[in-house]
Every structure is written in C-alpha cells, then in structure tokens.
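Engineer: Could you work out the structure for the sequence below:
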Amino acid sequence: MSDDQLRIGTFTRPVVLEVARRDGSLAEAGIDVVETSVASSPAQFESLEAGDYDLVFTSPDNVIAYRFVRSNPLGRLLAVEIVGAIDRGLGLSLCLNPQIASVDQVRGQVVGVDVPNSGFAFVAYELLRRAGVEREDYTVSALGATPRRASALIGAECAATVLNAGNEIRAAGAGCTVRKSYTEEFKREAVRLAKERGNIAAAARDLGISATSLENWKRQLEQTPENAFPGNGNARDQETARLQRELRRLKEENEILKKAVGIFTVRPR
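Structural biologist: Numbering: from 1, shown residues only. The predicted model follows:
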C-alpha cells in the first residue's frame, strides 16, 4: 500500500466515503481512496488475502466466518479483523419481490442469497423461519452481492432476499415489500384483536401481516405470557437482542465521520 492511496473492496459505494470526500476529510488526511466493486464475499476476502485490497467494507458476520469458521466458502481461515463500524452494516431487511404479497407465498419459491452458507444467508433463513417458513419450504439460489440481489428481486428472479445499505430502499421504490419488524406491543395487540374477532386470517389481513406470523405470536403468548417475545424465547436470542441494543447505543454515541477518518488513517507496515 502506498503512503497516499487506500484500496477498498466494496459491495455498494459507501455514502460515508462520498461525505468524507465532499467535506475534505480525505484530502485533509492525505488519502486517495480507490474503490472496487466486488461480486461476492468469497471474492472480496480472497482478494483481501491476496493483497489486492488494503481493507474492505463488509458485514461483520463475514469477518467472523472467514476468521473463525473453517467451513466458510473459501475453506480456510484468514487473519482478518474488524477495524470499526461506519454505516448501517446490520440494518438487514427481509424483502419480497413485487409479485409476492406475504411471506407465506415464499413457500415453493426461490430465496436469493449471496452464497448458501454466508452470514447473510443464515439471517435470511432465520427471518423466514421466524415468519413460519422453514428451510425445506423453498429453494436457495446464489445470486452474489447485495446490489445484484436487489436487481434480481426487482426482476422477480427470486421471491425473497435480505438487503441493506440502501438497497432495500431501492427495492421498495421498485415495488418490492420490505418486511417490517414488529414491537412486542404490536404483537400483543394483534393477538388480542385476533381473539376478539375469532378469525386469525381476517385479523392478519386487516393488519397487513401474514396469518402464519399471527398464529406464531398467539402460540408464543399462550405458552409464555410473561416472556413471549424476547427474541425467539431462548437465551441465545435474548443475548443477541441485548447486543443489538448495545450496538445501536454505541453507534449513536459515535460520529460516523470521525470513525471513518480513523479507519482511513494509513497504518505503517
């Protein structure tokens, strides 16, 4: 790496880089950033290992997979580390194509992922499972990086996928459905409404949610009334929820540009 050039591999052009360029932060630090688009996380990390990039913008689950999980797509462990968080890396949304009205309709369809055993893919599987759609209910297609999956979703090449980093906004603008996260209060009120009406399907339709989700909420509430929605009711999910809250708090306490400038500081070799 030269003293004034930083080579970065990205899936989507980071907004924070453009802001840093426009406000002069990069120029002040004496850094010329060269961005290269990558097709997938395996290609991104293989290029990082080969020295083609000095750093990459990626999701933290990818770093964990290539650092600690031997069954990652490359089949080997890499000496990579997370330097810092600079954008909405964990803002993952389950999105449906314009022809899919509810998660129930994903059954028998194609779910798009980057690669089948990536962190993004496991998030998609889990979000679908929580909505009542199990892994055996659909087929999986490896479609590559997030912008490519967004295009595939818009073009109805897949019924659902997980998007982030602004790609979910692009998909929503093209008529795709970005599945919402629901609070505990909403879930309890939805179950109450369904009981009052005596018709789960009708209540779900009026609320704009799937009948399967409402059935799941009702069952959870009946089984553990006081602790029905901590995650999925187990210790791991509760810890994940706690860590996500802590992550949001930390992000709020740190200014993005200051963190970005810190990341872009060239380290001597």
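
Engineer: And the strands in this structure, which stretches?
Structural biologist: Counting by DSSP state E, the chain has strands at residues 5-10, 32-37, 55-56, 93-96, 110-113, 139-142, 160-163, 177-178.

Engineer: Just give me how far stretch 74-90 sits from the chain centre.
Structural biologist: Chain-centre distance of stretch 74-90: 14 Å, with C-alpha atoms, centre = their mean, to the nearest Å.

Engineer: Rounded mean pLDDT for it, please.
Structural biologist: Average pLDDT, stretch 74-90: 78.

Engineer: One more: stretch 159-179?
Structural biologist: In the prediction, stretch 159-179 has an average pLDDT of 88.

Engineer: What is the end-to-end distance of it?
Structural biologist: 13 Å (C-alpha to C-alpha, to the nearest Å).

Engineer: Next: stretch 199-212.
Structural biologist: 13 Å.

Engineer: circling back to that earlier point, of all the strands of the chain, which one comes closest to Thr224?
Structural biologist: When these are ranked by distance to Thr224, counting by C-beta to C-beta, first place goes to strand 93-96 at 24.4 Å. Yep, even glycine has a C-beta here, placed from its N, CA and C like the rest.

Engineer: elements contacting the closest one?
Structural biologist: Judged by 3 or more C-beta pairs under 8 Å, 6 or more residues apart in numbering; DSSP states H and E, the packing partners of strand 93-96 are helix 119-130, helix 146-154, strand 160-163, helix 167-173, strand 177-178.

Engineer: ok, and which of the ones you listed has the densest surroundings?
Structural biologist: strand 160-163 (a mean of 28; mean count of other C-beta atoms under 10 Å).

Engineer: Just the CA atoms of it, as PDB, please.
Structural biologist: Provided in PDB are the C-alpha atoms of strand 160-163 (Å, rounded to 0.1, in the frame of the first residue of the first chain):
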ATOM      1  CA  ALA A 160     -37.200 -13.000  -1.300                       C
ATOM      2  CA  THR A 161     -33.800 -11.900  -0.200                       C
ATOM      3  CA  VAL A 162     -32.000  -9.900   2.600                       C
ATOM      4  CA  LEU A 163     -30.900  -6.400   1.600                       C
END
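
Engineer: I'd like the numbering to begin with 11 instead of 1 from here.
Structural biologist: Got it, first residue is 11 now, which makes that one strand 170-173.

Engineer: tell me what it is packed against?
Structural biologist: Going by 3+ C-beta pairs under 8 Å, 6+ apart, strand 170-173 lies up against strand 103-106, strand 120-123, helix 129-140, helix 156-164.

Engineer: Is it possible to get those out as TSV so that each row also shows mean pLDDT and distance to Arg207?
Structural biologist: Shown next, in TSV, are these (pLDDT from 0 to 100; distance: least, C-beta to C-beta, whole Å):
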stretch	mean pLDDT	distance to Arg207
strand 103-106	92	25
strand 120-123	96	32
helix 129-140	84	24
helix 156-164	93	33
